[in-house]
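*Asks:* model this:
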Amino acid sequence: MMSRRPVVANCAARRPGVLHRAGLPTRPRGIRLVARDAPETPTQVTQEASASEVPQQDAKAAEVAASSSSTPSAADAQPLPEGVLTYKEPSGGQKFWTSFKLAFALPWRRFKKDSVLVFKLEGEVSDQGRGRFDSGLSVPQICQALQKAALDPRIKGVAIEVGPLAAGWGKVQEIRRYLSYFRQSGKFTIAYMKQASEKEYYLASACQELYAPPSANVSLRGFTIGGTFLRGVLDKVGIEPQVKRIGKYKSAGDQLLRKDMSEAQAEQLGAILDDIYQDFLTTVAEARGKTKEEVAALIEEGVYEMEKLAADGWVSLKYEDEVIEELKARTGGKPDELRKVELRKYAKVSPSAFGLKGKKRIVVLRAAGAILGRSSGTSSGAITPDQLIPRLRALAKDKGVAAVVLRVDSPGGDALASDLMWREIKKLGEKKPVIASMGDVAASGGYYLSMACKKIVAEALTVTGSIGVVTGKFNASKFYSEIGYSKTLLSRGRYAELLADNRPFSPEEAELFDRSAQHAYESFRNKAAESRGMSVDAMQEVAQGRVWTGRQALEMGLVDALGGVHRAVAIAKQAAEIPEDEQVSVIEVGRAQASPLALLTGRASASASLLSAAMLLMGLMRGQAPAEAMAAAAGVTALAGGPGDLSGLPPVVQEVTTALMDLYAMSAGQPGRASYLMTDVNAASLGSSGSASAGSLGALSGSSSSTGFLDEGEGLQGPLEVVEE
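*Replies:* Model prediction:
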């Protein structure tokens, strides 16, 4: 649903290690907004809101951080628990009961002793659990499997194949944390790579052993963010974007408005890349027993020969059959049999066998995707009030739930929908503690939801903040004229035609639009200030649409702690006055919903996207109204998995189609709704030099736990089932 391309910057040209405030513009797909630039004609509502400039000096950041010291999180007497995920060797009694329970496990949960847990991590990795018939992988599945496997006497080690990922750094950091936990058990961990860039290597480095075939393509060349701009394209076809942005750094809409990158956007992106770059150097150096300088030198050298990578200790060279023979020797299996269990089967093993349940319950409620005003009924990957609010109210009534962790993975979206859900989260917080845990991105509307919680936990490389508003419309009068399409509107009321797409704003409409956008921004900013215990002026310093990494947001007082779901659960236990050493049951709520066609075709296909684009263009050529053409095209794409599934198309077609989908969202999907809380960042493609291509490859190949890795010909092993503790 979200796939936006960020804008150019190269980390190698920046100052590594300099942590300054940053925002991130890169427009995610599914963005339910249209916006307007600061034109020079009186008919356009223009310029960025003068609503204050964010100071440019890093010294100001310290002042903002100091002013946020009075936030509710800092006011608590108790320091927040570290929530470090640490392996504890089970006692003799615990091992006995585990073995006893496993001996009487149901047949479909049994497998041979001394087996290897095997799965392939590639393509999209959902932050929500997958449905029973969806073969894709999810973060909770992987993490829970690794946690169980560390305690399972039948599991001797883990072997994963890491392929091109369509996931952000937040998810990668969470999975990496559980791989490190598994390693603490003393069992072996193996990662195998055929094709990898920085993000894939970053994840694989959590394993003790890294293997790749001599012909592998492991590309570690550095970190970039690239972007495209459509203003020139829109000018050629006669479509004028009329955009209003509140906040100097609120660059959602730049893709439509500009022909190049703004200075503010470059500043944000450079700072984001500095943080990613430094984290990569530190993490990989520690994992591989190198210095940061050695990792930096590797990137600068641009090594492509696998033999040199192997000689310098970055990877070991083995073909897959050699890895299989090595594992056979370690597991004591027959010469013609590798003892292994695939993740989809292992997911059915109950956590209760390992003492991972307790009497008190904490619910992890997962909300992922763009924020929409209503459910489409066919598309997936969205957060809507009609889906989330009933769950929040049910949790408020459930006396068996001690606390809630709201896991947010969203770039934002509809302002009204965000506010309605914010209200319900606040109401839930009156009954029991609610702690926010941020995934890849929790920015703009995603931050709006998070700030309703008692505490906020973010990954170090989560993309968050973006407290700003963007809104607008398209003026398609010239385009209509060129294709022979005409429209006449009859209206009553001075502003009835405010969002009419067959003419630009009148001066009166422009003024009203300005005031409305400013009001929406101030409402967001003021609620954020109140939620964080900051003055409005202090919040203004860190708002303005700026996007931050989680580490930067902690410095600015926008979040309370760094970590993943495990730390959020630890903080929830503290807030619920549950002793730190008491075991609780963690209940996962919220599954990704796959469309029927996606289930049949193995997720969305490029052919469906191409058909969608063709229907769109044919409709316009026949003289259909854009709203009608958009509806037809969107219907095809939604059946294939949602409007974000355009990865099989050429980049320019992806960009134009996505922009036109936004027009449909405004003109047909949400009439009269003109305020959007959206950040323009594609977390999945943020950062590494190969991530853009990797994301595309990964999206096309999907993601599966049964992928042929270490497969000796026995075939698949049944459908995937999400285990909810």
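
*Asks:* ok, residue 451 to residue 580 distance?
*Replies:* 26 Å (CB to CB, to the nearest Å). Where C-beta positions appear, they are placed from N, C-alpha and C, glycine not excepted.

*Asks:* ditto for residue 178
*Replies:* For residue 178, the distance to residue 580 equals 20 Å [CB to CB].

*Asks:* So for those two, which sits in the more crowded spot?
*Replies:* Set residue 178 next to residue 580 and count neighbours by other CB atoms under 10 Å: residue 178 wins out with 23 against 9.

*Asks:* I'd say the more buried one and residue 85 touch.
*Replies:* Yes. Between residue 178 and residue 85 a contact is recorded at 7.0 Å, counting by CB atoms under 8 Å.

*Asks:* could you pull out the helices for the stretch 101-250 of the chain?
*Replies:* Remark: helices assigned in the stretch 101-250 of the chain by DSSP state H, counting those that start in this stretch are 139-151, 169-184, 198-204, 231-237.

*Asks:* Which neighbouring elements make contact with the second one?
*Replies:* Just to be clear, that refers to helix 169-184. Judged by 3 or more CB pairs under 8 Å, 6 or more residues apart in numbering; DSSP states H and E, helix 169-184 is in contact with strand 115-126, helix 139-151, strand 155-166, strand 188-192, helix 198-204, helix 263-288, strand 434-443.

*Asks:* What strands line up against the first one, and which way round?
*Replies:* Each strand paired with strand 115-126, and its direction, by DSSP bridges: strand 137-138 (parallel), strand 155-166 (parallel), strand 340-342 (parallel).

*Asks:* For residue 585, which of those is the nearest?
*Replies:* With CB to CB as the criterion, residue 585 lies closest to strand 137-138 of those, at 19.2 Å.

*Asks:* Report the mean per-residue pLDDT for the closest one.
*Replies:* The average pLDDT within strand 137-138 is 90.

*Asks:* Also stretch 515-527?
*Replies:* What stretch 515-527 shows for mean pLDDT is 91.

*Asks:* What of stretch 271-283?
*Replies:* Per-residue pLDDT values across stretch 271-283 average out to 94.

*Asks:* please begin residue numbering at 41 from this point
*Replies:* Right, with 41 as the first residue, what we last looked at is stretch 311-323.

*Asks:* Can I get that stretch in PDB? Just the C-alpha atoms.
*Replies:* C-alpha atoms of stretch 311-323 as PDB (Å, rounded to 0.1, in the frame of the first residue of the first chain):
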ATOM      1  CA  ALA A 311      20.600  13.600   8.500                       C
ATOM      2  CA  ILE A 312      18.500  10.400   8.300                       C
ATOM      3  CA  LEU A 313      21.200   8.700   6.200                       C
ATOM      4  CA  ASP A 314      23.900   9.800   8.600                       C
ATOM      5  CA  ASP A 315      22.000   7.900  11.400                       C
ATOM      6  CA  ILE A 316      21.500   4.800   9.200                       C
ATOM      7  CA  TYR A 317      25.100   4.900   8.100                       C
ATOM      8  CA  GLN A 318      26.500   5.200  11.700                       C
ATOM      9  CA  ASP A 319      24.200   2.400  12.900                       C
ATOM     10  CA  PHE A 320      25.300   0.100  10.100                       C
ATOM     11  CA  LEU A 321      29.000   0.700  10.900                       C
ATOM     12  CA  THR A 322      28.500   0.100  14.600                       C
ATOM     13  CA  THR A 323      26.300  -2.900  14.300                       C
END
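
*Asks:* List the buried residues for that stretch?
*Replies:* Buried residues in stretch 311-323, counted by 16 or more other CB atoms under 10 Å: 311-321, 323.

*Asks:* Now the two most distant members of those residues.
*Replies:* 311 and 323 (18.7 Å).

*Asks:* export the helices and strands packed on helix 209-224 to CSV and tack on distance to residue 629?
*Replies:* Output for the helices and strands packed on helix 209-224, formatted as CSV (distance: least, CB to CB, whole Å):
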stretch, distance to residue 629
strand 155-166, 14
helix 179-191, 10
strand 195-206, 24
strand 228-232, 30
helix 238-244, 26
helix 303-328, 30
strand 474-483, 13
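
*Asks:* just those: most buried one?
*Replies:* Here the criterion is mean neighbour count by mean count of other CB atoms under 10 Å, and of these the winner is strand 474-483, at a mean of 32.

*Asks:* Pairing partners for that one, with directions?
*Replies:* When DSSP bridges is applied, strand 474-483 pairs with strand 441-450 (parallel), strand 495-498 (parallel), strand 503-505 (parallel).

*Asks:* Kindly compare burial across those and name the winner.
*Replies:* strand 503-505 (a mean of 33).

*Asks:* which residues make contact with that strand from outside it?
*Replies:* 63-64, 208, 210, 312, 451, 478, 480-483, 486-487, 490, 498, 582-583, 586-590, 593, 596, 598-599, 719, 721, 723, 726 (CB atoms under 8 Å, 6 or more residues apart in numbering).

*Asks:* And the helices in the stretch 491-640 of the chain, which stretches?
*Replies:* So, for the stretch 491-640 of the chain - with DSSP H, counting those that start in this stretch - the helices run 517-523, 547-572, 576-582, 590-596, 605-615, 636-641.

*Asks:* Quick one: closest of those helices to residue 202.
*Replies:* Nearest of these (CB to CB): helix 605-615, 21.3 Å.
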